[in-house]
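Colleague: Fold the following and give me the result.
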Amino acid sequence: MSVAGCWAPGPGVVDLPGGGSVRGGSWRRRGAVVDDADHLVVLTALRPRTRASTRSRSLSWVCWPDFAVPVSTARAVHVLARAGGRARRERVSVVCGSGVGRTGTALALLLVLDGVEVSEAVRRVRVAHHPRAVETAWQRGWLREVARRLAE
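Modeller: Residues are numbered from 1 along each chain as shown. Presented below is the predicted three-dimensional model:
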């Protein structure tokens with residue numbers, strides 16, 4: 001580990017150009033990706049009932065239906081930008097139901113927020129996290145739209 005508290009290189013871990021790393025995974029399968037995180041970002045349509053089911057110190061939630069884009073782009077960008085900042089000093093995990101589409105899209109957004117072009121961000125996430133990450137055309141389009149707004 002190059003930075004105290006960050007994830008060691010391994011499956012599902014995406015290194016951020018600005019420093020630190022974020023680990024993606026499944027909310028349903030839990031395990032270390034959820035329990036060992038200092039901060040957990042949950043991307044689900046319904047708010048998690050309780051944080052008591054995880055050992056992570058803090059939790060953020062983004063309302064994000066399966067196979068879709070976040071209900072609020074502003075909230076998603078805000079939560080993920082803060083998570084990216086925390087990833088420089090803490091173990092941050094991003095999870096959705098299966099740990100593929102929404103999680104992959106969020107991980108790609110973290111790279112875009114750090115200045116990586118959208119297609120390169122998707123490529124990196126598919127290599128580091130999951131080959132089907134950013135599953136839908138809507139998710140890819142949403143990433144391009146967010147990147148366009150950030151460039152304005």
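Colleague: At which residues are the helices of this structure located?
Modeller: Taking DSSP state H, the helices of the chain run over residues 32-35, 73-86, 101-113, 118-128, 137-151.
Colleague: Out of these, which one sits most buried?
Modeller: Among those, helix 101-113 has the highest mean neighbour count (mean count of other CB atoms under 10 Å), at a mean of 28. For the C-beta atoms, the positions are set from N, CA and C on the backbone; glycine is no exception.
Colleague: That one to helix 118-128, inter-axis angle?
Modeller: Helix 101-113 and helix 118-128 are oriented at 130 degrees to each other (axes from the mean of the first three to the mean of the last three CA atoms, to 10 degrees).
Colleague: Tell me what angle helix 101-113 forms with helix 73-86.
Modeller: 70 degrees.
Colleague: List the contacts of stretch 69-77.
Modeller: Where contact means CB atoms under 8 Å, 6 or more residues apart in numbering, the residues beyond stretch 69-77 that reach it are 43, 62-65, 105-106, 109, 113, 138-139, 142, 145-146.
Colleague: cool, stretch 133-148 as well?
Modeller: Contacts to stretch 133-148, defined as CB under 8 Å, 6+ apart, come from residues 24, 67-70, 73, 77, 100-105, 107-109, 112, 117-118, 121-122, 125-126.
Colleague: go on, stretch 29-46?
Modeller: Here stretch 29-46 makes contact (CB under 8 Å, 6+ apart) with 5, 12, 23-27, 48, 54-66, 70, 79-80, 83, 86, 90-97, 99, 102-103, 106.
Colleague: ok, back up a step: can you tell me which of the contacts of stretch 69-77 lies nearest to Gly18?
Modeller: Using CB to CB, Leu113 comes nearest to Gly18 of the contacts of stretch 69-77, at 8.3 Å.
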